[in-house]
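Engineer: Using only what follows, build the 3D model:
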Amino acid sequence: MDLTPRIRQHFHDSAQLKRDSADVLAPAIAQASASITDCLLADGKVLACGNGGSASDAQHFAAELVGRFERERPELPALSLATDTSLLTAVANDYAFEQVFAKQVRALGASGDVLLAISTSGNSANVVAAIVAAHDRGMRIVALTGKGGGEVGRILQERDVHICVPHERTARIQEVHLLTIHCLCDAIDNTLLGEDS
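Structural biologist: Now for the predicted structure:
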């Protein structure tokens, strides 16, 4: 069986969605980068959460801010809430899996911080609970979703930013989420460091 045509189709579909999404998502991505940059300039921090591939995206984003993206700069405070297995399993066992991110937000989040909430469906119960907790703490939300935004889209407030990929397929949504994360990192660096040469 020759899988080459199927593989080519994946590349084509991914590229087409990115092209189709550029004009739709660029203003929200710019708004999200401004919200995050304002938070960082005010000595705030970014907390990031998601499940599965979205957990990897949360880790990726935090790593790019704490380490670096493409240019050298001082470390920026960001933390993925999906990495501490002892904490995650304790909360899931003693309370509920729905609370694994919310309890961390209540413990670590402060007014003026930003929560990067990632859910391809917009219906991840633990991400929704984290958003509720973040609102209670006076935090702003940058939400990355797809499939219409689901419950996440319904509970966001006016000052939050919703980046909703206009697609139904999880793999394609995740591919645009990764590009969005890179756009956010580039925009943050560009704002903090100026245009690169």
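
Engineer: Can you tell me the closest non-neighbouring residue to residue 98?
Structural biologist: residue 125 (4.6 Å; C-beta to C-beta, 6 or more residues apart in numbering). Glycine gets a C-beta too; all of them are placed from N, C-alpha and C.

Engineer: what distance separates the longest helix along the chain from the centre of its chain?
Structural biologist: Taking DSSP state H as the criterion, the chain has its longest helix at helix 4-41. Here helix 4-41 is found 12 Å from its chain centre; the criterion is C-alpha atoms, centre = their mean, to the nearest Å.

Engineer: could you pull out the helices for this structure?
Structural biologist: 4-41, 53-66, 85-94, 102-108, 125-136, 150-155, 170-193.

Engineer: out of these, which comes closest to residue 74?
Structural biologist: When those are compared by C-beta to C-beta, helix 170-193 sits nearest residue 74, at 8.7 Å.

Engineer: who's in contact with residue 73?
Structural biologist: By C-beta atoms under 8 Å, 6 or more residues apart in numbering, residue 73 lies in contact with 189, 192, 193.

Engineer: Buried among those residues? Make that a ChimeraX selection.
Structural biologist: This is how ChimeraX selects the buried members of those, with burial counted by 16 or more other C-beta atoms under 10 Å:
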select :189
